[in-house]
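In: what's the 3D shape of this:
(2 chains)
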Amino acid sequence: MNRTMALALASLFALSPALARELVINTDTSDPAPKAAMERLMEGFKAENPEVEIVWNNFDHEGYKTAIRNFLTAEPPDIAGWYAGNRMAPYVNAGLFEPVTDVWEAEGLHDTLASAASAMEMNGEKWGVPYTYYQWGIYYRPDIFAEHGIEVPTTWDELKAASATLQENGVTPFAIGTKALWPTGGWFDYLNLRVNGYEHHMDLTAGKIPYTDDSVRAVFDKWEELVEPGYFLANHAAYDWQEAVPFFVNGDAAMYLMGNFAVDLFRQGGLSDDQIGFMQFPVIDPSVPMAEDAPTDTLHIPSGASNKEDAKAFLAYLARADVQSEMNALLGQLPVNKDATVPDDEILAQGFVMLSNAHALAQFYDRDAPAEMAKAGMEGFQEFMVRPENRDRILDRLENVRSRVY
Amino acid sequence: MSSTALADGTATSSAGWWRRNQRQLAPWLFIAPGAFMFLIYVIIPIFESIWISFYDWDGIGAATWIGLANYVELWSDYAFYTSLYNNVLWLVFYMLAVPFGLFVALFLNQTVVGIRLYKSLFFFPFVISQVVVGLVFAWFYDPSFGLLNLVLGWFGLGPVAILADDRFVTYGIIAAGLWPQTAYCMILYLTGLNAVDPEQIEAGRLDGAKGWRMLWFIVLPQLRPATFIAVVVTVIGALRSFDLVSIMTDGGPYGSSRVLAFYMYEQALGEYGFRMGYGAAIAVVLFLIMMIYISGFLWHMWRAERDGR
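Out: Next comes the predicted model:
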């Protein structure tokens, strides 16, 4: 009896200091690579700060998007994973995120994380620390291209010619699965970035340009040149993006506009490195400077966090070049810190060069546009890809939503 | 001694009061816990939803009073009409579960070896989760490797992507929903058939009734209570259809398989939603539609009870 009492007391005393330095971290890193990177990050931080006890709640990637609203209001952790750009606006505006401008200033992050600085800024403050981003572009099958004598297209006409050749030979030009809607956003982003440019795209996603504008119609004209001949995978609305990967892996489709995270799946599907190629989305209007999609993942401090001091130390640690090098080697993505090393991977290296020379970086349609607009927009894009004849009705509808949302 | 007398006095008087009012009080006491739960989890939320539907609220920020603006927006919202139309389709075609269930029940209502096993097998789809039903049918419909398109292929018919085609998608989901719902109606009818009076069957048979006439004039009237319950649960099931839509299509393609319950969820709690007020307004409309059936149900019950006396 006495001994159990003593034990209980001892554990109580042993726990209490640890409880005081507890750091609760909620993330959505449920996929293997992000999970490993997050584990590495926490181990590294613990090695340098042994007095801090990290409690990690790793959520399912999709479920997290709804869970974050509950835990930010009900039981805020000390660190929460989220995304840059307009996607964080609801939480910033509701006062649920803590500004971390002081961390940015103390650690000189305005310099080292310069490429993502604008995406982290809102109302004159910085709201989190970015640690990884990845390029979007067209992944293609060099072996299939070689078989049909196709050169890697760099212009719109070459892209269409390549598609025509592929189709003649019974290969679907583009794999895509639009069941989850967002893959359509990648196509819209790139077509608009190439037809009208980055500034127009930002104005459009900020609600300053009507969807019925001629400039937007021009985007759909280009899109129709691919939809009308059937260059996209048939029945794409029935598949998720992962379910469209087998078509690419089996050689039934030769190109796939996707984010770099897809490469992992291509390799798991059995493609060797010389069967996976990467190309920048071709030029449509040569007078428009080339901007790219490069979504950024970030960590934030909720305003209701109980251990903000250690949370800020954690963010400072996360921003370090060596930490980002190590994490991104595991993630197979690009570090945001400019002094970090890019993982040794040919496609990533290509992406890194492309992004470094980019005129500007967009986040992604559903992160740049407010949620409601993004949902209606991507639904309209999907409908257009199945029923291009409904275009005018779709654009009228989007314009309706735009005038209400902004 | 005086104190004990006093205690005895109060004890007998309170016991007397209890005894006098016991019959009136007991029902209320038994109802109280249930009524309390019903109040907290059903009645109050109904009024809260109605209240929220007058606000523009994202669930975390400040709520702004906008009066009927949510309902005005619903009035011109194409997605709302798509959902409403799909709900009507659900109501109509989901009803097929009632005759299907009846015929399966009639078919299984016989004594052969192992009938219990067959009954359990037919009842099986109702026991498994709707999520599993949705997944199974989604694979069944899959345009590249699904069984349906394999079979269609034997007859030289091209692949149909049921769940990616706005013309077929709602029917495809309803067909999936019919599978467990038929099993449910079947069970209701099987229990109903147990209560069918064999003497009436015998009398009918003596008067020369058989086949359809026997079913229509002798058996079906006796199954009225079962039919009534089957229709009610099917109507309610059709109106709250959500899981199958969510699992099989997520409302797609481009929102053409949405139903009201799913649209409400999408607007209020979905990834791109968080318009609590608008979602609540949809919920109120759905509630009003359900109210028609619920009041019909209550009226029927009340009438049956009155006639029963």
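In: what about residue B:124, how many residues close to it?
Out: Residue B:124 is flanked by 12 other residues according to other C-beta atoms under 10 Å in any protein chain shown. Where C-beta positions appear, they are placed from N, C-alpha and C, glycine not excepted.
In: tell me how far it lies from chain A.
Out: Distance, residue B:124 to chain A, using C-beta to the nearest C-beta, to the nearest Å: 27 Å.
In: now name the helix or strand holding that residue.
Out: Assigning secondary structure by DSSP states H and E places residue B:124 in helix B:115-127.
In: got the buried residues for that helix?
Out: For helix B:115-127, the neighbour count (16 or more other C-beta atoms under 10 Å in any protein chain shown) marks B:119, B:122-123, B:125-126 as buried.
In: max pairwise distance over those residues: which two?
Out: Between any two of the buried residues of helix B:115-127, the greatest separation by C-beta to C-beta is 12.7 Å, found for B:119 and B:125.
In: over to residue A:306. Which of the three states is it?
Out: coil (DSSP: H, G, I helix; E, B strand; the rest coil).
In: again but with residue A:396, I slipped
Out: Following three-state DSSP, the label given to residue A:396 is helix.
In: can you give me the strands for the stretch 151-300 of chain A?
Out: Listed in chain order, the strands of the stretch 151-300 of chain A (DSSP state E, counting those that start in this stretch) span A:172-175, A:253-259, A:277-279, A:292-293, A:296-300.
In: same deal with the stretch 201-309 of chain B?
Out: Under DSSP E, counting those that start in this stretch, the stretch 201-309 of chain B gives no strands.
In: so what's the residue count around residue B:157?
Out: Neighbour tally, residue B:157, other C-beta under 10 Å: 10.
In: typed the wrong thing, it's residue A:113
Out: Residue A:113: 24 neighbours (other C-beta under 10 Å).
In: I'd say it and residue A:319 touch.
Out: Yes - Residue A:113 lies in contact with residue A:319 (C-beta atoms under 8 Å); the separation is 6.3 Å.
In: shared neighbours, the two?
Out: A:129, A:337 (C-beta atoms under 8 Å, 6 or more residues apart in numbering or on different chains).
In: is residue A:81 in a helix, a strand, or coil?
Out: With three-state DSSP as the criterion, residue A:81 reads strand.
In: try the one 5 residues further on
Out: Assigned with three-state DSSP, residue A:86 falls in the helix class.
In: apart from its neighbours in sequence, what residue is nearest it?
Out: Take residue A:86 and drop its neighbours on the chain: the residue closest to it by C-beta to C-beta, 6 or more residues apart in numbering or on different chains is residue A:368, 5.5 Å away.
In: tell me, how many neighbours does that neighbour end up with?
Out: Residue A:368: 24 neighbours (other C-beta under 10 Å).
In: state the pLDDT value of it.
Out: Looking at residue A:368, its pLDDT is 88.
In: apart from its chain neighbours, what residue comes closest to residue A:378?
Out: residue A:181 (4.1 Å).
In: contacts only, for the one you found.
Out: A:375, A:378-379, A:381-382, B:252.
In: next one: it from residue B:272, what distance?
Out: 9 Å (C-beta to C-beta, to the nearest Å).
In: so for these two, which residues contact both of them?
Out: By C-beta under 8 Å, 6+ apart, the residues touching both residue A:181 and residue B:272 are residue A:375.
In: for chain B, what are the nearby residues on chain A?
Out: Applying C-beta under 8 Å from any C-beta of the partner chain, we find that chain A lies next to chain B at A:62, A:65-66, A:69, A:72-73, A:90-91, A:93-94, A:96, A:178-181, A:234-238, A:366, A:371-372, A:374-375, A:379-380, A:382-383, A:386-387, A:397, A:404.
In: so what's residue 214 scoring on pLDDT?
Out: Going with chain A. The model's pLDDT for residue A:214 equals 95.
In: if you could check chain B rather than the one you did, that'd help
Out: The model reports residue B:214 with a pLDDT of 85.
In: where are the low-confidence patches of chain B?
Out: B:1-14, B:308-309 (pLDDT under 70).
In: quick one: contacts for the residue most central in space within it?
Out: Chain B has residue B:237 as the residue nearest its centroid, 2.5 Å off, counting by C-alpha atoms, centre = their mean. Residue B:237 makes contact with B:94, B:177, B:181, according to C-beta under 8 Å, 6+ apart.
In: what residues does the stretch 201-309 of chain B put near chain A?
Out: Checking the stretch 201-309 of chain B against chain A by C-beta under 8 Å from any C-beta, the hits are B:249-250, B:252-255, B:269-275.
In: next step: these restricted to helices.
Out: Counting by DSSP state H, the part of those found in helices is residue B:269.
In: skipping adjacent residues, who's closest to residue B:235 in space?
Out: residue B:293 (5.1 Å).
In: settle this for me: the one you found is touching residue B:234, isn't it.
Out: No - contact status for residue B:293 versus residue B:234: not in contact, 10.4 Å apart, counting by C-beta under 8 Å.
In: for the two, indicate the residue with more neighbours.
Out: A side-by-side neighbour count of residue B:293 and residue B:234, using other C-beta under 10 Å, places residue B:234 first with 25 against 16.
In: tell me who's in contact with that one.
Out: With C-beta under 8 Å, 6+ apart, residue B:234 has these contacts: B:94-95, B:97-98, B:181, B:185.
In: now, those that are in helices?
Out: Using DSSP H, the subset of the contacts of residue B:234 located in helices is B:94, B:97-98, B:181, B:185.
In: looking at these, which one is closest to chain A?
Out: residue B:94 (23.2 Å; C-beta to the nearest C-beta).
In: up against chain A, what does the stretch 51-200 of chain B have?
Out: Checking the stretch 51-200 of chain B against chain A by C-beta under 8 Å from any C-beta, the hits are B:58-61, B:73, B:78, B:141-144, B:159, B:161, B:163-166.
In: does residue A:139 count as helix, strand or coil?
Out: Assignment for residue A:139 (three-state DSSP): strand.
In: relative to residue A:262, how far out is it?
Out: 6 Å.
In: shared neighbours of these two, which are they?
Out: What both residue A:139 and residue A:262 touch, as defined by C-beta under 8 Å, 6+ apart, is the set residue A:256.
In: any stretches of the stretch 301-406 of chain A with poor pLDDT?
Out: Applying pLDDT under 70 to the stretch 301-406 of chain A flags no residue at all.
In: for it, just list every one of the strands.
Out: Counting by DSSP E, counting those that start in this stretch, the strands of the stretch 301-406 of chain A are A:361-362.
In: which residues in it form helices?
Out: Along the stretch 301-406 of chain A, counting by DSSP state H, counting those that start in this stretch, helices occupy A:308-319, A:321-331, A:346-356, A:365-368, A:371-386, A:391-405.
In: export those helices to a markdown table and tack on distance to residue A:45?
Out: Shown next, in a markdown table, are those (distance: least, C-beta to C-beta, whole Å):
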| stretch | distance to residue A:45 |
| --- | --- |
| helix A:308-319 | 5 |
| helix A:321-331 | 8 |
| helix A:346-356 | 25 |
| helix A:365-368 | 27 |
| helix A:371-386 | 32 |
| helix A:391-405 | 40 |
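In: backbone phi and psi for the residue nearest to the spatial centre of chain A, please?
Out: The centroid of chain A falls nearest to residue A:295 when counting by C-alpha atoms, centre = their mean (3.4 Å). Dihedral pair for residue A:295: phi -60, psi 140, per degrees, to the nearest 10.
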